[in-house]
Each structure stands twice: as structure tokens, then as C-alpha cells.
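[1] Can you look at this prediction? I've put the sequence above it.
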Amino acid sequence: MAPSFHLLEHALARVHLTALRDEQTQTDLFRWHLSRLAGLLFSEAARDIETHTVQVQTPIALTIGHQVSRPIILAPILRAGLGLADGILPHVPKAVVAHIGICRNEETAQPESYYAKLPSFLADAEVFVLDPMLATGGSAVEAVRQLKAAGAMRLKLVCVVSAPPGIANFQAAHPDVPIFTAAVDEGLNERSYIVPGLGDAGDRYFGT
Ligand code: PRP
Ligand code: URA
């Protein structure tokens, strides 16, 4: 299967991303811009979720409407993925949140899992894996591995900034999982941070 890759082309997305990149942007505005950008990215990623038709009575007439067919699960990779979940939940208030704790080892940049709380009905659901940063790809590869092992079959990865090595690693490991991103940056520095990127997304979102 050819991997599916979606780069969000939207003026507002570019404006939000610019504010996120700016080192002068403080925690309050960083949260606000990430939340707004998350909504735009999710609109794109959820464009083709399964719906079915229903009858709806307007004050004027009976007509046909649509309802979402499958449960929606948001799977933020802790910590920074929580920032995307916060921005997406108002769009899908019934969504279930599956937390996946993965942290990069600061010396090796390898992902280390420390927590997972997943619902039992992953196999029926549309699962959106959330992480602002796709750097080496290690964290996202591991998160999707865990979700598939627990039964998930319909997965999408939503991230804000991606680097070419992360995209390549992720697509090699999970060619069936589409990627939705707002930017593809130049590459990684010697500490495996995205260049130009936006720095440490978790630290900037949580103010640590
Ligand atoms: C960051 C980021 C991703 C990961 C990306 O998390 O939020 O999860 O690094 O890097 P990768 O593609 O090379 O795996 P981090 O490990 O810093 O944890 P945090 O969100 O708790 O700060
Ligand atoms: N994690 C981040 O938060 N930022 C990067 O640039 C790379 C990994």
C-alpha cells in the first residue's frame, strides 16, 4: 500500500504555525495557537470518517442528515499530544481519549514507553494519534505499534511539524496509516530536534 501523506495548505494554519515557531510566543498564546491549529488539522484528517444518513425533522420539513458511524478515539502521545487533544475535543465532544505515555531518551533519542490507558473498543473506532512533533518518528512508530497490538485498525497520525527522517521512518513502519501535518521542515539537528521546528513542544505547551 502506498503511504498517504497530507500537508495542510491553509492560510490560517500558516499563521498559527508562525506564532508557534516564534520563541517570543509565551505559554498562554502557544496554547491558543496550538489549539486552533489542531482544529484545522483535525478537520482535514476527519474529512472522510464514516458517516450514515439519518432523517431529521427541521422546523419546516423532514430531510436527510448525517451522523458519525464509528466511535472516535483521540490518542495523544504524552505530553505534547495533549495540546492537540485540547483543541480537537470541542469538535468531537463525545470522543474517547486514549493516553499513551512515551518520552524520548535525551541521550539516544529513542522512545521509552511509560504509560498506556487504552479503551477496549479500538477495533471498531476511528483512531487519531496526536503529537505535534514527528522528528525521528520513533515515538509515533511506537504509539501506533501499541495501538495496533491492542486492536486498532483505522488509524491516522496528526502532527504539526514533521521532519523528513520521521516521515520516512513512520511510513516504512506503518504504510497503512495516513499522516496529516501542517509543515515539513528541513531536518534534524545533532540532538534530533526539528530544524527550524518550534523547540520542545511539551515544554512550551506546559511551561516547563
Ligand atoms: C517529543 C514530541 C514527540 C517526540 C518526537 O516528546 O512531543 O512525542 O518528542 O520525537 P521523535 O519523533 O524523535 O520520537 P518528548 O519525548 O520530548 O516528551 P514530552 O512531550 O513529554 O516533552
Ligand atoms: N520533540 C520536540 O518537542 N521537538 C523537536 O524538535 C523534536 C522532538
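    Done, it's in. Ligands and ions are numbered 1, 2, ... in the order given.

[2] does stretch 102-110 come close to ligand 1?
    Yes - on the criterion Cβ under 6 Å from any ligand atom, stretch 102-110 is in touch with ligand 1 at 103, 104, 109. C-beta coordinates here come from the backbone N, C-alpha and C atoms, glycine included.

[3] Kindly indicate the member of those with the most neighbours.
    With neighbours taken as other Cβ atoms under 10 Å, the top of the residues of stretch 102-110 next to ligand 1 is residue 104, carrying 19 neighbours.

[4] Mind giving me the packing neighbours of the lengthiest helix in the chain?
    Counting by DSSP state H, the longest helix found in the chain is helix 27-45. Judged by 3 or more Cβ pairs under 8 Å, 6 or more residues apart in numbering; DSSP states H and E, helix 27-45 is in contact with helix 11-21, helix 81-88, strand 126-130, strand 154-162, strand 179-184, helix 201-206.

[5] What's the mean pLDDT across that helix?
    Mean per-residue pLDDT for helix 27-45: 98.

[6] Adjacent strands (with direction) for whatever helix or strand comes next after that helix?
    Under the assignment DSSP states H and E, the closest C-terminal helix or strand after helix 27-45 is strand 51-57. Note on strand 51-57: by DSSP bridges, its sheet partners are strand 62-68 (antiparallel).

[7] got a list of contacts for the next helix-or-strand element following the partner strand?
    On the C-terminal side of strand 62-68, the closest following helix or strand by DSSP H and E is strand 72-78. With Cβ atoms under 8 Å, 6 or more residues apart in numbering as the contact definition, strand 72-78 has outside contacts at 46, 49, 81-82, 84-85, 88-89, 92, 94-103, 115, 118-119, 122, 125-131, 139-140, 143, 147, 152.
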